[in-house]
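> Compute the structure for the input listed below.
(chains A and B)
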Amino acid sequence: KAGVTQTPRYLIKTRGQQVTLSCSPISGHRSVSWYQQTPGQGLQFLFEYFSETQRNKGNFPGRFSGRQFSNSRSEMNVSTLELGDSALYLCASSLASGGMGYEQYFGPGTRLTVT
Amino acid sequence: QQQVKQSPQSLIVQKGGISIINCAYENTAFDYFPWYQQFPGKGPALLIAIRPDVSEKKEGRFTISFNKSAKQFSLHIMDSQPGDSATYFCAARGYSTLTFGKGTMLLVSP
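Presented below is the predicted three-dimensional model:
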């Protein structure tokens, strides 16, 4: 079974621009979660989507948004980029949003650099 | 409180030794505790996980010990190998989201 794929793998943007990152979950998985990883803050939860609905949201500003499509693929968008948004953005998929199918499997991440 | 505290920040162990990483949590609503292993340039990989109704789980050289009353859990890596050198994260699930510890950078010296 193919793992979680994320595109692009690397991205360089300028302050003020916006960016869209894409995530394709493992086949059959319906839940997609997004995390931001930085050396200072570690892994922080952004949001989770299940069956095209946002189920949970972390403590991030409204500039961070996401969506999920009917095929479970997900995108996250960051508008008005700031230098502090430079991070590794990780997507994780799981069978379900809770219960026994909760094991989350991560993709390789998208390294975003904001200059 | 949705916090998970992980220690130590870094660890150096000789080949063949035991690596021990500890985590503590505060929220008694957490119901699932996974450990992830991350190599440079890669996403975290699920290593082993435990639920609070079990005190210990072993998979190969990796063991989770769980102490519900103390709200602590730990990862033991037996017979540590240089290939185990990576960053390890503990996590806890609550309200359908994972809260991660800050990570432990493990170096296994040959």
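> hey, let's count contacts and neighbours off CA atoms from now on
Will do.
> buried set for the strand or helix carrying residue B:36?
With elements taken from DSSP states H and E, the one containing residue B:36 is strand B:33-38. Within strand B:33-38, the residues that count as buried by 16 or more other CA atoms under 10 Å in any protein chain shown are B:33-38.
> who does that strand pair up with?
Paired neighbours of strand B:33-38 in the sheet (DSSP bridges): strand B:45-50 (antiparallel), strand B:86-94 (antiparallel).
> Pick out whichever of the buried residues of strand B:33-38 sits closest to chain A.
Nearest to chain A among these, counting by CA to the nearest CA, is residue B:34 at 8.3 Å.
> Greatest separation within the buried residues of strand B:33-38: which pair is it?
With CA to CA as the measure, no two of those lie farther apart than B:33 and B:38, at 16.5 Å.
> Give me the helices and strands touching the helix or strand of chain B with the lowest mean pLDDT, please.
Every helix and strand of chain B was ranked by mean pLDDT, DSSP states H and E. The lowest is strand B:97-100, at a mean of 88. For strand B:97-100, the contact count by 3 or more CA pairs under 8 Å, 6 or more residues apart in numbering or on different chains; DSSP states H and E identifies strand A:42-50, strand B:86-94 as packing neighbours.
> Number of residues surrounding whatever residue of chain B ends up closest to chain A?
Proximity to chain A, evaluated over chain B using CA to the nearest CA, is greatest for residue B:43 at 4.2 Å. Counted with other CA atoms under 10 Å in any protein chain shown, the neighbours of residue B:43 add up to 23.
> Could you say which of the strands paired with strand B:33-38 is packed most deeply?
Sort the strands paired with strand B:33-38 by mean neighbour count, taking mean count of other CA atoms under 10 Å in any protein chain shown, and strand B:86-94 sits at the top with a mean of 24.
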